[in-house]
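**Q** below are the sequence and a predicted model for it; my questions follow.
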Amino acid sequence: MEPPDQLVWRQSPGLLDVARARGPHLLVAAMAGLFIGLVVAAMVPASYEARSTLLLTQPSGFDLPGVGSDQGGPERFVATQADVAESATVLLPAAESVGLELPIEDLREKVTVTVIRDTDVLEIRAVLDDAEDAVDLANAVAAELDALVTGQAQRALDEVLSRLGSQREQLVGRLAEIDAALVAAPGEALRRDRQVVSAQLEAIVAQELAAELQQLLLPRVVTVIEPATMGEQVFPSSVRFAVAGAVLALALAASIAWWRLAARQRAPDHLEIERALGAPILAAVPHVRRSDEGPVAAEPDTLEGAAYRLAGSVLRRQMEASGLRIVLVTSASVGDGKSTTAINLAGAVKATGENALVARWDRSATGPLGDPRQVAVGSLAFESVTLGPDQLHGRAFPDLLARTEGPVIVDGPSMIASTEVRRLASSVDGVVVVIREPSDHPTLARIARFLATLEQPTLGLVVFEARSS
């Protein structure tokens, strides 16, 4: 057996320990969090999301600044258009077209354009408080981007055709001047100039025809693959809020349960027990023996017998010094050794040569209080009587006390029956509390709070030590 004052350490609790010890409580906490999440979701204003998907086709074969340039390839072209779609040039006209008056900062928060990886596809996502507005805005951004990019491509082609037409007119004029000079004064140099200008004019005409053909065959730069048709509620999502509430409540309950279990990892020593309950330990009994096995106080050669005889001697001196006679024996819960202690304290008093009476509490006992009967265990004999509510508050119990001598030890209920313990405590002179080890600090705190509500003082403690392995 370990020394009484040695701290007893146990393994830190794990998740399974918490689940086994507080499973029902954790389930209730999760259900409460689920309900709270649903309530919060119902109270928070909803937001709706609409998505529009676009396919981009990069024009090739000619230079369209910022739109169709071949520099950087298709990936750069798609990324550039994503940036354009999030610019004020697109967002402000798009919002205005659907009747939304929002500053550009708010629009950039509500509209996001992303490039789907490894594709030429853009996804426009609009989040607003109204589902129809979200759908309209997503489609309006797609339409505005289409108009902007297509217009830029068309303007670039128009500029190419205008430049080629100007060059063609200049070459035609130059060719007319050369022909007039040849009529007035034919010469080899003029003929060579005419050949060069004619070649240049043919090249310009060929480029002009190619540009006109490209204008006719210009592919659609922006193609709407899937327009936004329905706004999906994204905030608050009832399911998400419910799950988040359940998870948070479960985590909080599990943390509290773990903390409470962890508080039990170190069993308090005897000094801590005395400090917590504000009473001295009368004796530390090595282990519990049931009352029906007989008082061990009759066995002076055993450790248990010696412990009970010490407890009885110390308690008797306290009672004589304070003029006390009736003592209530109680414990935190059923099975802590309360009845065993009451009988053994009576046996220990009897061993000193003085009479002792054990009053066994029975709330179902009715009728008159019978005469005490002699109980003999080994070489010890003491008187015993059954006490109920009727006898306690009538004249029977006081009359019995007047007819008997020596201390009266009441074998009362455990603190679970708090009302009965308080009723008995008001009729006795002091209380003896039985503590079973290993106990924990929360349990001691509950016992201390209960003892503070009793009218009579706590005379001492009897500690049943944990059986050594």
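**A** Cool, got the structure. Remember, predicted model here, so these are calculated numbers, not experimental data.
**Q** rest of the way, CA atoms for contacts and neighbours
**A** Will do.
**Q** which parts of the stretch 351-469 of the chain are helices?
**A** Secondary structure of the stretch 351-469 of the chain (DSSP state H, counting those that start in this stretch): helices at 389-393, 396-403, 418-425, 441-451.
**Q** among those helices, which comes closest to residue 242?
**A** Across these, residue 242 has its closest neighbour in helix 441-451 (32.9 Å, Cα to Cα).
**Q** quick check: mean pLDDT of the closest one?
**A** Per-residue pLDDT over helix 441-451 has a mean of 86.
**Q** could you do stretch 198-208 as well?
**A** Model confidence over stretch 198-208 averages 90 on the pLDDT scale.
**Q** how far does it sit from its chain's centre?
**A** Centre-to-centre, stretch 198-208 and its host chain are 77 Å apart (Cα atoms, centre = their mean, to the nearest Å).
**Q** which one of the helices of the stretch 351-469 of the chain is the most hemmed in?
**A** With neighbours taken as mean count of other Cα atoms under 10 Å, the helices of the stretch 351-469 of the chain reach their highest mean count in helix 418-425, at a mean of 18.
**Q** same for it, what does it pack against?
**A** With contacts defined as 3 or more Cα pairs under 8 Å, 6 or more residues apart in numbering; DSSP states H and E, the secondary structure elements packing on helix 418-425 are strand 326-331.
**Q** can you tell which of the helices of the stretch 351-469 of the chain is closest to residue 159?
**A** Residue 159 lies closest, by Cα to Cα, to one member of those: helix 441-451, at 86.6 Å.
**Q** hey, C-alpha coordinates of the closest one in CSV?
**A** Listed in CSV are the C-alpha atoms of helix 441-451, where the atom choice follows Å, rounded to 0.1, in the frame of the first residue of the first chain:
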residue,chain,number,x,y,z
HIS,A,441,-11.2,17.6,-6.4
PRO,A,442,-14.6,18.2,-8.1
THR,A,443,-16.2,15.6,-5.8
LEU,A,444,-14.6,17.2,-2.7
ALA,A,445,-15.8,20.6,-3.8
ARG,A,446,-19.4,19.2,-4.1
ILE,A,447,-19.2,17.7,-0.6
ALA,A,448,-17.8,20.9,0.8
ARG,A,449,-20.6,22.9,-0.7
PHE,A,450,-23.2,20.5,0.7
LEU,A,451,-21.7,20.5,4.2
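**Q** list the contacts for the closest residue to residue 451 other than its chain neighbours?
**A** Once its chain neighbours are removed from consideration, residue 451 has its nearest residue in residue 458; the separation is 7.5 Å (Cα to Cα, 6 or more residues apart in numbering). Counting by Cα atoms under 8 Å, 6 or more residues apart in numbering, residue 458 touches 278-279, 430-433, 451.
**Q** ok, which pair from those residues is furthest apart?
**A** Pairwise distances among the contacts of residue 458 were taken by Cα to Cα; the largest, 13.5 Å, belongs to 278 and 430.
**Q** which of those two has more residues huddled nearby?
**A** Set residue 278 next to residue 430 and count neighbours by other Cα atoms under 10 Å: residue 430 wins out with 21 against 17.
**Q** so what sits opposite the more buried one in the bridge?
**A** With DSSP bridges as the criterion, the beta-bridge partners of residue 430 are residue 327.
**Q** so it touches residue 456, yeah?
**A** Yes - Residue 430 is within contact range of residue 456, at 5.2 Å (criterion: Cα atoms under 8 Å).
**Q** what does stretch 106-121 contact?
**A** Counting by Cα under 8 Å, 6+ apart, residues outside stretch 106-121 touching it are 53-57, 74-75, 78-79, 82-83, 85-86, 91-92, 122-128, 138.
**Q** span of it from start to end?
**A** Using Cα to Cα, to the nearest Å, the end-to-end distance of stretch 106-121 comes to 25 Å.
**Q** so where's the stretch 1-150 of the chain uncertain?
**A** Within the stretch 1-150 of the chain, the stretches falling below the threshold (pLDDT under 70) are 1-13, 59-74.
**Q** where exactly do the strands run in it?
**A** Remark: strands assigned in the stretch 1-150 of the chain by DSSP state E, counting those that start in this stretch are 8-9, 47-56, 111-115, 121-128.
**Q** thinking again about what came up before, and the helices of the stretch 351-469 of the chain: which comes nearest residue 221?
**A** In this view, these are compared for proximity to residue 221 by Cα to Cα, and helix 441-451 is the closest at 73.2 Å.
**Q** which helices and strands does that closest one pack with?
**A** When contacts are defined as 3+ Cα pairs under 8 Å, 6+ apart, helix 441-451 packs onto helix 270-277.
**Q** so which residues of the stretch 151-300 of the chain form helices?
**A** The residue ranges that make up the helices of the stretch 151-300 of the chain, judged by DSSP H, counting those that start in this stretch, are 188-216, 238-262, 270-277.
**Q** out of those, which is the most enclosed?
**A** Per-residue neighbour counts averaged over each of the helices of the stretch 151-300 of the chain give the maximum for helix 238-262, namely a mean of 18 (mean count of other Cα under 10 Å).
**Q** show me the contact partners of that helix.
**A** The set of residues external to helix 238-262 that reach it, using Cα under 8 Å, 6+ apart, is 12-14, 18, 22, 25-27, 29-38, 40-42, 442.
**Q** just the ones in helices from those, please.
**A** 18, 22, 25-27, 29-38, 40-42, 442 (DSSP state H).
**Q** buried subset of these?
**A** Neighbour-count burial within these applies to 18, 22, 26-27, 29-38, 41; the criterion is 16 or more other Cα atoms under 10 Å.
**Q** out of those, who's nearest residue 462?
**A** Nearest to residue 462 among these: residue 22, at 29.9 Å, using Cα to Cα.
**Q** what's the closest non-adjacent residue to that closest one?
**A** Computed as Cα to Cα, 6+ apart, the closest residue to residue 22 that is not its neighbour in sequence is residue 257, at 6.7 Å.
**Q** and what of residue 133?
**A** residue 98 (7.6 Å).
**Q** again, but for residue 250
**A** Nearest in space to residue 250, with sequence neighbours left out and distances taken as Cα to Cα, 6+ apart, is residue 30 at 5.0 Å.
**Q** how near is that neighbour to residue 107?
**A** Counting by Cα to Cα, the separation of residue 30 from residue 107 is 38 Å.
**Q** low pLDDT regions in the stretch 201-350 of the chain?
**A** 217-220, 235-237, 262-267, 287-300.
**Q** how far off centre is stretch 162-182?
**A** Distance, stretch centre to chain centre, for stretch 162-182: 83 Å (Cα atoms, centre = their mean).
**Q** what's the average pLDDT for it?
**A** pLDDT averaged over stretch 162-182 equals 89, rounded to a whole number.
**Q** residues of it that come out buried?
**A** 164-165, 167-168, 171, 174-175, 178, 182.
**Q** of the residues you listed, which is the nearest to residue 361?
**A** Proximity to residue 361 was ranked across these by Cα to Cα; first place goes to residue 164, at 117.5 Å.
**Q** next up, the contacts around the closest one.
**A** Residue 164 is in contact with 204-205, 207-208, counting by Cα under 8 Å, 6+ apart.
**Q** tell me the phi and psi of residue 344?
**A** According to degrees, to the nearest 10, the main-chain angles of residue 344 amount to phi -70, psi -30.
**Q** which phi and psi does residue 417 have?
**A** When read as degrees, to the nearest 10, the backbone of residue 417 gives phi -90, psi 70.
**Q** ok, now which ones touch the nearest residue to residue 448 once chain neighbours are set aside?
**A** Closest residue to residue 448 apart from its sequence neighbours, by Cα to Cα, 6+ apart: residue 277 at 5.1 Å. With contacts defined as Cα under 8 Å, 6+ apart, the neighbours of residue 277 are 444-445, 447-448, 451.
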